[in-house]
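Undergrad: Show me how the following folds:
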Amino acid sequence: MEIQNKISVLIPVYNAEKYLRQCLDSVINQTYKNIEIVCVNDASTDTSLAILNEYAQKDKRIIVVDKIQNEGVAKARKTAIVYSSGELILYVDSDDWIELDMFEKMVARMQSDDYDLIYCDFYWYTASDKNYIHKTHLFYTGDDKIQRIKHNIFGNPRMYAIWNKLVKREIYENIVFPKAVCSDDVFISSQLFYYADRIGYVPLPFYHYRHNENSITNDDNKKLYKYKQAKSVFGDIIEFCKEKFGNNLDILEPELSKTMVNYKEFDFEHLEILKISKLPIYLYGAGELAEMLYCRFFDPRNIAIAGVIVAEKYYKTESVFYGHLIHPAEQVLNENLQANIILGYLKDNYDDDMENLKKIAPNCNFLVMQKMFLEDLQIKISSLNTDTKQGERK
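TA: The predicted structure follows:
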């Protein structure tokens, strides 16, 4: 009989009473039994600690670490690993939950090919409780460590998370946790991708990620704070890359530049017009920039969109964008439509597209995010019918 390696399940907890029981139930009822569960209560002010102690009384695999001072999720994660002893490490956020066979299936895959790190797909739940599956099979799992960081870190934010990754303990022993109190995932993942010799993938969504409406990312002041923390973390990643690959980081282009320009200063108030407008909102485009707009601004701020539209040449039948069916722009826009159309551009020459859209829908307001963060998130509002916009604001 094959010996089961112990998995240390590390759960940072802060004011998670609403979802904590669901999270813990999904972990303690795993079909894979050789686990320990290290829960770090980060000075919660609700009943989270009482819930943790209740579960610890029933299940001796649970270790509760109670911090007197709140220091943020990054330090809570660092604390958790100190108290752990398993050969394998996996983090779970306290407002999320996992499939009951997650550990069994991932360990089996890891052992079959002797992987150092293995990751899975995940469900993403929006503020409106809609969910969709994030497929991660397109990301780079080869041996080239430069390509791993280039494509998986600077190339796409879907690989930032550490909670869908089961990792050998010796890999985590190389990890330096960032000084930032949040946005630590991306720096940790960067190091994991570097230090792991072999990386594997299970094409199943075992993890349920909940976009918590009470999260730090849903308060504008805290959101700006988190933005600055993330900017600091990406600075740490660049220094790490210089240390490992040398000072010439052209090897990480163009993904590096596309990511780092996101962290120029910007003003969250630019989108307030969308919250007070009574007009429906359509997102034009369904690519990288549209995803950034939706995840960073619309969904966290509960700004509902009426739909997602794309140019006819990019349209694919029954395509879906974050739970929204994608439609050809020509089918939605017309001369009678009054709406806010949000366009994001990674290029400068959007004028031809804009003029064409204005001809199709002259009564719509077009809000253009030219290169979004690439030009200090300069948001330009243009419309052929100024009177229509003024009338809507009154």
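Undergrad: Average pLDDT for the host helix or strand of residue 242, rounded please.
TA: Counting by DSSP states H and E, the secondary-structure element that holds residue 242 is helix 220-245. If you average the pLDDT over helix 220-245, you get 79.
Undergrad: Can you tell me the SS state at the residue nearest to residue 63 when sequence neighbours are not counted?
TA: Using Cβ to Cβ, 6 or more residues apart in numbering and skipping the chain neighbours, the partner closest in space to residue 63 is residue 38 (4.8 Å). Using the backbone N, CA and C atoms, a C-beta is placed for each residue, glycine as well. Three-state call for residue 38 (DSSP: H, G, I helix; E, B strand; the rest coil): strand.
Undergrad: was I right about residue 38 contacting residue 80?
TA: Yes - the pair residue 38 / residue 80 is scored as a contact, 4.7 Å apart, by Cβ atoms under 8 Å.
Undergrad: State the pLDDT value of the closest residue to residue 240 other than its chain neighbours.
TA: Spatial nearest neighbour of residue 240, excluding adjacent residues (Cβ to Cβ, 6+ apart): residue 190 at 6.3 Å. Per-residue confidence for residue 190 comes out at a pLDDT of 94.
Undergrad: Need the phi and psi values for residue 283.
TA: The phi and psi values for residue 283, taken as degrees, to the nearest 10, are phi -100, psi 120.
Undergrad: and it, what is it in contact with?
TA: With contacts taken as Cβ atoms under 8 Å, 6 or more residues apart in numbering, residue 283 has the following neighbours: 290, 293, 294, 298, 305, 307, 308, 309, 321, 324, 342.
Undergrad: For it, list each beta-bridge partner.
TA: According to DSSP bridges, the residues that bridge with residue 283 are residue 308, residue 342.
Undergrad: Could you check how far it is from residue 289?
TA: Noted for residue 283: a distance of 10 Å to residue 289, by Cβ to Cβ, to the nearest Å.
Undergrad: how about residue 174, secondary structure?
TA: In three-state terms, and counting by three-state DSSP, residue 174 is coil.
Undergrad: give me the number of residues near it?
TA: As a burial measure, the neighbour count of residue 174 was computed by other Cβ atoms under 10 Å and equals 11.
Undergrad: Count residues in the vicinity of the closest residue to it other than its chain neighbours, would you?
TA: In space, and not counting its chain neighbours, residue 174 is closest to residue 195: 4.6 Å by Cβ to Cβ, 6+ apart. Using other Cβ under 10 Å, residue 195 has 19 other residues around it.
Undergrad: ok so, going back, want to try JSON lines for the contacts of residue 283, with pLDDT, neighbour count and distance to residue 56 as columns?
TA: As requested, the contacts of residue 283 are exported to JSON lines (pLDDT from 0 to 100; neighbours: other Cβ atoms under 10 Å; distance: Cβ to Cβ, whole Å):
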{"residue": "290", "pLDDT": "78", "neighbour count": "23", "distance to residue 56": "44"}
{"residue": "293", "pLDDT": "74", "neighbour count": "20", "distance to residue 56": "42"}
{"residue": "294", "pLDDT": "78", "neighbour count": "22", "distance to residue 56": "39"}
{"residue": "298", "pLDDT": "74", "neighbour count": "21", "distance to residue 56": "39"}
{"residue": "305", "pLDDT": "85", "neighbour count": "19", "distance to residue 56": "43"}
{"residue": "307", "pLDDT": "89", "neighbour count": "15", "distance to residue 56": "47"}
{"residue": "308", "pLDDT": "91", "neighbour count": "23", "distance to residue 56": "45"}
{"residue": "309", "pLDDT": "90", "neighbour count": "25", "distance to residue 56": "51"}
{"residue": "321", "pLDDT": "85", "neighbour count": "20", "distance to residue 56": "42"}
{"residue": "324", "pLDDT": "85", "neighbour count": "19", "distance to residue 56": "42"}
{"residue": "342", "pLDDT": "82", "neighbour count": "25", "distance to residue 56": "48"}
